[in-house]
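Asker: Predicted model and sequence follow; I will ask about them next.
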Amino acid sequence: MSKFRKIPATDEAYKQTKIRFADIYEDFIRFNLSIQDKEKVKSGSGKPDSYARYLIRLVILYEEIIGDKLLEIKTFEAIKKIEILRDAFKDEFRIYNIREARFPNAALNSFISYVAYLNSESEEMIDNELNYDINKLDFGEDIIEETFALYERPQKKKPKIKVGSLYVYPRNRLVVYKAKMKSNWQCEFNNQHETFTSMVNKKPYLDAHHLIPMATQDYYDNTIDFTDNVVCLCPTCHSRIHHAIIPQKLEMIEVLYDKRKDLYQRHEIDINKQKLESYYGIF
């Protein structure tokens, strides 16, 4: 008998779990409705409600199969636990996913997007402040080369720090500056894009952006604040990767990921294109 049982909405475990996570259930639906509205998806598709229902089912299955009660699900730590169902029971999960019209896998990917979105606002604000500070500085390139070797090997993530009222993961300015040097001070999405000249260092003005967003750092044991994960973009492209419609975001992610997909292993970061897309609300 399959570990992945059928769970109707009338099931007592379903009703109790939905009550436990009622606020998240409703907010998750609102999140998916907002994406549906932005992308002009037919409003009667029913996917937002279905994703929320299958999230509840995945929580139940995790607790029943693994024997571990989830006290909080709105975190990347909880997502990593739920992913055990997909990774440790691959064949059974695949059959279950097909049986349920692929909603379990889609719901999990959507929930990853949701949790990344919850963390993204504060992280984007910190990134903007970092870019502002970096573009006021002019590191000597000899200093960069002498110290940079320290940051090229895999490193465990550092604890969060308090910035104002927020707790965020620290960023290293040397990492960002080195990324700009490696980009040859050109937009990495399209090196023909023109920008203006910074009056500080007399170089083209670029924004730095963590391709695996810092909003997802909780998901990883090692830091994702390393040069190979920092893409340098003209200001228009930086705004685009944050705020564009999905097809325009997708084009950027595919180009930027393909350029560095083989570099993540050296930092012991497990990432693929599908997971990266989910961090940007694409699933």
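Answerer: Done, it's in. Numbers count the residues shown, from 1 in each chain.
Asker: Just the strands from the stretch 1-150 of the chain, written as ranges.
Answerer: For the stretch 1-150 of the chain, applying DSSP state E, counting those that start in this stretch gives no strands.
Asker: which stretches of the stretch 1-150 of the chain have low pLDDT?
Answerer: 37-46, 122, 134-150 (pLDDT under 70).
Asker: and with 90 instead?
Answerer: Counting by pLDDT under 90, the stretch 1-150 of the chain contains low-confidence ranges at 1-2, 34-47, 117-150.
Asker: Which residue ranges of it form helices?
Answerer: 12-20, 22-38, 47-66, 76-88, 90-99, 103-134, 141-148 (DSSP state H, counting those that start in this stretch).
Asker: can you tell which of those is closest to Lys156?
Answerer: helix 76-88 (15.7 Å; Cβ to Cβ). Quick note: C-beta positions are derived from backbone N, CA and C, even for glycine.
Asker: Can you tell me what sits against that closest one?
Answerer: 4, 58-59, 61-62, 65-66, 68, 70, 72-73, 93, 105, 108, 111-112, 115, 216, 218-219 (Cβ atoms under 8 Å, 6 or more residues apart in numbering).
Asker: Which residues are in contact with Ser278?
Answerer: Ser278 neighbours (Cβ under 8 Å, 6+ apart): Asn109, Ser110, Ile112, Ser113, Ala116.
Asker: just checking, the second one touches Asn32?
Answerer: Yes. With contact taken as Cβ atoms under 8 Å, Ser110 and Asn32 are classed as touching, separated by 6.2 Å.
Asker: what residues do those two have in common as contacts?
Answerer: In contact with both Ser110 and Asn32: Tyr51, using Cβ under 8 Å, 6+ apart.
Asker: Now restrict the contacts of Ser278 to buried residues only.
Answerer: Asn109, Ser110, Ile112, Ser113, Ala116 (16 or more other Cβ atoms under 10 Å).
Asker: ok so, going back, okay if I get the contacts of Ser278 as CSV plus distance to Glu268?
Answerer: Formatted as CSV, these follow (distance: Cβ to Cβ, whole Å):
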residue, distance to Glu268
Asn109, 23
Ser110, 27
Ile112, 20
Ser113, 24
Ala116, 21
